[in-house]
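Visitor: sequence-free structure coming up:
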């Protein structure tokens, strides 16, 4: 396989700082580049669907958790892996769009449950296939066996990098 940008970075640092360990660069530089490419495709796909990533994550989480498509804010925080204030913001935006309904405490200050509306259900059903198809297209250069091996290795890396030994980041 021809050298890529990461190989050039390793070679340059190897020339400039031969005593420095460089074994992480090939993995980390490629992961960062892949993440950027994936986010670029995701952003373009969602823009074409007139959606934003935060809203899609919220309504997709409600949808994939199954009937009754209702979750507490803390369960959403755990599933989406963002902070409580970020969930509050996402829920407010999706509620304003009619994609979710919110059950609040009698004071109206706290959200008790977030439920996918029929409009939210239609929206995610209409858009999730296109988003997944675009993501699948990114992996077309890998065989099924390579994709499975990469998934296993990435899971292992993510778990070993996570402070609690799970594949969830700190918030």
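Guide: Alright, I've got the coordinates. Since this is a predicted model, take the numbers as computed values, not measurements.
Visitor: all contacts plus neighbour counts: C-alpha atoms, from now on.
Guide: Noted.
Visitor: need the contact partners of stretch 22-31.
Guide: 6, 7, 9, 10, 13, 14 (CA atoms under 8 Å, 6 or more residues apart in numbering).
Visitor: name the element the fourth one belongs to?
Guide: So that's residue 10. In the assignment (DSSP states H and E), residue 10 maps to helix 5-16.
Visitor: the next helix or strand along the chain from that helix: how far from the chain's middle?
Guide: Proceeding N to C from helix 5-16, the next assigned helix or strand is helix 25-48, under DSSP H and E. From the chain centre to the centre of helix 25-48 is a distance of 11 Å (CA atoms, centre = their mean, to the nearest Å).
Visitor: ok and helix 25-48 relative to helix 5-16, angle-wise?
Guide: 150 degrees (axes from the mean of the first three to the mean of the last three CA atoms, to 10 degrees).
Visitor: ranges for the helices of this structure?
Guide: In the chain, helices defined by DSSP state H lie at 5-16, 25-48, 53-64, 73-80, 84-96, 118-138, 144-161, listed in chain order.
Visitor: list the buried residues in the fourth one.
Guide: If I follow you right, that is helix 73-80. 73, 76, 77, 80 (16 or more other CA atoms under 10 Å).
Visitor: please apply the same query to the last one.
Guide: For helix 144-161, burial by neighbour count (16+ other CA under 10 Å) applies to 158, 159.
Visitor: can you check the first one too?
Guide: Within helix 5-16, the residues that qualify as buried are 6, 10, counting by 16+ other CA under 10 Å.
Visitor: so which other helices or strands are in contact with it?
Guide: Helices and strands touching helix 5-16, as assessed by 3 or more CA pairs under 8 Å, 6 or more residues apart in numbering; DSSP states H and E, comprise helix 25-48.
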